[in-house]
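Colleague: I need the structure of the sequence given here:
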Amino acid sequence: MISGTRTLDSPHDAYEVLAALRDRIETTPWRGERGRTALRVLRAHLNFAEIAGGPLHHASERQTAEEAGISRTTLRVVYETVLKPGGWLRRLRVGHGREGSSWYLDHGSAGGRRGSASLSRFWTTQYPPDLALEEWTTPGTATTADIDSTVIARLMDHDAFAHRGLGSSALMIIGALHVRPVQTVSQLAGTASVSRATAYRTLQRLADQGLVQHTGETWTLAPRAVDGFGDSPLDAATEPGTRPAQGWDGIAQCYGTAGAAVRRRTLHAIERAAYQKALDRRAEHRSKATVIVRNGSQVLVPAPRPDEIPSAWQSPDGSVLDPVTGRTAADWRFATDGRLILITPADQRSYDEMTTAHAEALREWNSAA
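Modeller: Numbering: from 1, shown residues only. Presented below is the predicted three-dimensional model:
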């Protein structure tokens with residue numbers, strides 16, 4: 001699957017590819033809530049790629065969800081409906097064990113033309129990355145986006161920008177105002193890829209928190225609204241009638257989203273622990289012992305490793321002995337790896353039935369990974 005990727009001969013080539021991709025992302029309209037969420041996921045993967053030193057990188061779904069500040073369910077939706085169809089991101093291999101999935105940021109179809117990163121803001125993006133982003137270009141929404149995705153990457157995992165908080169539209173407007181400090185609502189509709197109605201609502205929320213201020217028809221970020229915001233609340237300018245900026249934690253408390261990231265990480269930690277436990281048991285060929293009743297007697301069915309099966313359970317000819325009666329247990333067999341198995345009518349399946357069962361089990365395992 002990597003055959004269609006570009007060969008990178010040096011770290012400098014990788015840096016150019018990632019820089020061009022970052023600027024392409026920043027000048028692409030991301031329409032609708034789904035599109036803006038896709039941007040957060042894509043920017044999370046770009047963070048991982050920059051650490052890895054190239055478009056090929058490794059990351060688990062949980063790790064990406066924490067980085068983007070969204071749930072795993074939302075992450076899967078935007079990957080399947082926006083990023084994968086649009087050619088922005090490809091999963092080359094599903095993660096197994098302690099290794100995350102292998103991903104490739106596609107700088108070919110998504111990256112578009114190559115050139116100096118400094119020229120990317122003058123390119124005009126003709127189409128959004130998918131045809132079902134719930135919001136489209138209108139006379140009030142221009143086609144040229146211009147945001148600072150680095151600022152978005154710094155803020156997107158904070159509780160203040162969680163669902164039901166300031167949200168992704170606030171991230172887009174902050175990113176747009178960070179690039180161009182003075183903009184009208186009409187300009188922000190284009191640079192932040194939001195509708196005029198969304199721009200008005202979001203700007204009002206940001207103004208209520210002392211994050212933006214306006215003079216006449218233009219809007220700007222309040223001083224220290226991004227860099228160091230929350231360290232010195234009084235440094236952030238506010239307008240008459242608005243409360244002083246409280247910092248990101250205060251904003252999260254205001255919207256009732258405080259603790260969302262902690263809860264998400266806690267849930268992921270529990271899931272990782274359960275998955276790791278399953279991996280350990282699988283590696284040791286261990287499972288819970290069971291007790292079945294045969295002919296009125298309780299028989300313990302062990303599930304240890306092959307070398308731990310008691311010798312009393314094995315007859316000289318290799319058949320299984322019933323430890324209660326001492327007779328051969330006709331329904332029991334030693335598998336080729338030495339483990340004890342029970343043959344039942346349910347095991348008398350055709351090859352097609354066993355293939356289907358195997359495929360379903362493999363799908364469930366990959367989903368757990």
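
Colleague: pull the longest helix from this structure.
Modeller: In terms of residue count, the longest helix belonging to the chain (DSSP state H) is helix 260-283.

Colleague: can you tell me how far Arg98 sits from Leu279?
Modeller: In this structure, Arg98 and Leu279 are 8 Å apart, going by Cβ to Cβ, to the nearest Å. Quick note: C-beta positions are derived from backbone N, CA and C, even for glycine.

Colleague: Between those two, tell me which one has more neighbours.
Modeller: When neighbours are counted by other Cβ atoms under 10 Å, Arg98 and Leu279 differ, and Leu279 comes out ahead with 15 against 10.

Colleague: And the more buried one, what's its pLDDT?
Modeller: As predicted, Leu279 sits at a pLDDT of 73.

Colleague: May I have the phi/psi pair for Gly256?
Modeller: Torsion angles at Gly256 (phi, psi; degrees, to the nearest 10) stand at phi 80, psi 20.

Colleague: quick one: low-confidence parts of this protein?
Modeller: Along the chain, the model assigns pLDDT under 70 to residues 1-10, 97, 107-143, 227-246, 281-309, 318, 335-351, 367-369.

Colleague: For the protein, just list every one of the strands.
Modeller: Assigned by DSSP state E, the strands in the chain fall at 56-59, 89-93, 101-105, 183-184, 212-215, 218-221, 290-294, 297-301, 332-334, 340-342.

Colleague: and the gap between Arg40 and Glu66?
Modeller: 12 Å.

Colleague: what does Leu39 give?
Modeller: From Leu39 across to Glu66, the span is 17 Å (Cβ to Cβ).

Colleague: quick one, which of the two is more surrounded?
Modeller: Set side by side, Leu39 and Glu66 show more neighbours around Leu39, with 31 against 17, by other Cβ under 10 Å.

Colleague: Quick check, that one in contact with Arg31.
Modeller: No: contact status for Leu39 versus Arg31: not in contact, 10.4 Å apart, counting by Cβ atoms under 8 Å.

Colleague: residues shared between the contacts of these two?
Modeller: Residues touching both Leu39 and Arg31 by Cβ atoms under 8 Å, 6 or more residues apart in numbering: none at all.

Colleague: Surely Met172 and Pro29 touch.
Modeller: No: with contacts counted by Cβ under 8 Å, Met172 stays clear of Pro29, the gap being 10.1 Å.

Colleague: Can you pull the residues that touch both of those two?
Modeller: Here Met172 and Pro29 have Ser193 as joint contacts, going by Cβ under 8 Å, 6+ apart.

Colleague: For the nearest residue to Val94 once chain neighbours are set aside, give its distance to Arg93.
Modeller: Leaving aside its chain neighbours, Val94 sits nearest to Asn366 (4.9 Å; criterion: Cβ to Cβ, 6 or more residues apart in numbering). Per Cβ to Cβ, Asn366 is found 10 Å from Arg93.
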